[in-house]
Every structure is written in C-alpha cells, then in structure tokens.
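> structure of the sequence below:
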Amino acid sequence: MYQMARIEEVGQSAIRTHHSVIRLQTSECLQFIDITDDVDEIVARAGVRHGWVNVQTQHTTTAIIVNENEPLLHEDLKRLLESLAPRSGEYEHNDFSRRVDIPPDEPANGHSHCKALFLPMSVCVNVADGLLQLGRWQRIFLVELDDARERGVSVMVMG
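Okay, here's the model as predicted:
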C-alpha cells in the first residue's frame, strides 16, 4: 500500500508577472516576422531574472513559432504550408451564406485557418539571468497565414 509522502513547506516566493502586447502590421500572406528583439526588450523591462516568457498570437490566422531566420528555409516552409492547405482550395468556411453576421470585409480565408491547425498559437521560452534561452540560430516569429493586416501578440513574462 502506498503511503502519502509528507510535504513540508520550506519557503514561499512571490512570482513577478509582466504583460505587454506587440502590435505590428503584416504585409503579405505567409510572412515570417522576427519578433525576438521585441520579446527580449519586454523581458528586460519586466525585470525577471529567472522564469519564462509566453508569446501568444491573438488571432486564429497567425501562428507563433521558434525557428531559424534563414530566407530559403522560410521559402521551404511557405511551400510546405501551401501544399497542406492551398489558397486555391475549396473551403466550407469560405461559404458566406453560412451566417448572417459576417462583416462585409470578411476575407475568404479557409486556407489560413487550415494552415493554423499545423502550427502553434504560442511558445514558451525559458529566461535565465534575464536572457531568453534560445539556441544560436533560434528566433521567435509571428507567421501571417492570411492577408496583410494589423496583428497583436500577447507577451507574458513570469518569474
């Protein structure tokens, strides 16, 4: 029979939190925007020495990824995403007769929502000694999966 271990509280510490929103304008579908420097600045302002930063998109047709900032790799990733959910494909989501509350400027973006299925909406990165713990080639990107527009990225620093 398993006997419950005794847990002894030896101390408490307050966790500091800081929240910011990065606002940016995208310029095209399948655009990779490096936001690493913005996130790094937010972590520095938060004053957290050890903890985490969570970076989350506020949109269903964008994604947040960690990858290399290499233009030819981005072209490979664009080609892969387009093969998974081609812009020219047929999507039920694009049938605007489905609802009456669709805004007049609503884009036919079923492809964007389908691409988003394959990518994360957020990433969490460790912070140690006040620095993002990214590898040599790792960068944080907002990926635009739809047409150009203003976007928001929620950044929560905890530690």
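
> contacts, neighbours, all on C-alpha from now
Noted.

> which residue ranges of the protein form helices?
In the chain, the segments counted as helices under DSSP state H are 36-46, 71-84, 110-116.

> can you tell me which of those is most buried?
Mean neighbour count (mean count of other CA atoms under 10 Å) peaks for helix 110-116 among the helices of the chain, with a mean of 21.

> show me what it is packed against.
Using 3 or more CA pairs under 8 Å, 6 or more residues apart in numbering; DSSP states H and E, the elements in contact with helix 110-116 are strand 62-68, helix 71-84.

> let me have the ones you listed in a markdown table, adding distance to residue 118 as columns.
Listed next are the helices and strands packed on helix 110-116 as a markdown table, based on distance: least, CA to CA, whole Å:
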| stretch | distance to residue 118 |
| --- | --- |
| strand 62-68 | 9 |
| helix 71-84 | 8 |
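
> dump these into JSON lines; add mean pLDDT and distance to residue 105 as well.
JSON lines is the format used below for these (pLDDT from 0 to 100; distance: least, CA to CA, whole Å):
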{"stretch": "strand 62-68", "mean pLDDT": "98", "distance to residue 105": "18"}
{"stretch": "helix 71-84", "mean pLDDT": "98", "distance to residue 105": "23"}
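
> residue 154 is nearest to which of the ones you listed?
When the helices and strands packed on helix 110-116 are compared by CA to CA, strand 62-68 sits nearest residue 154, at 10.6 Å.
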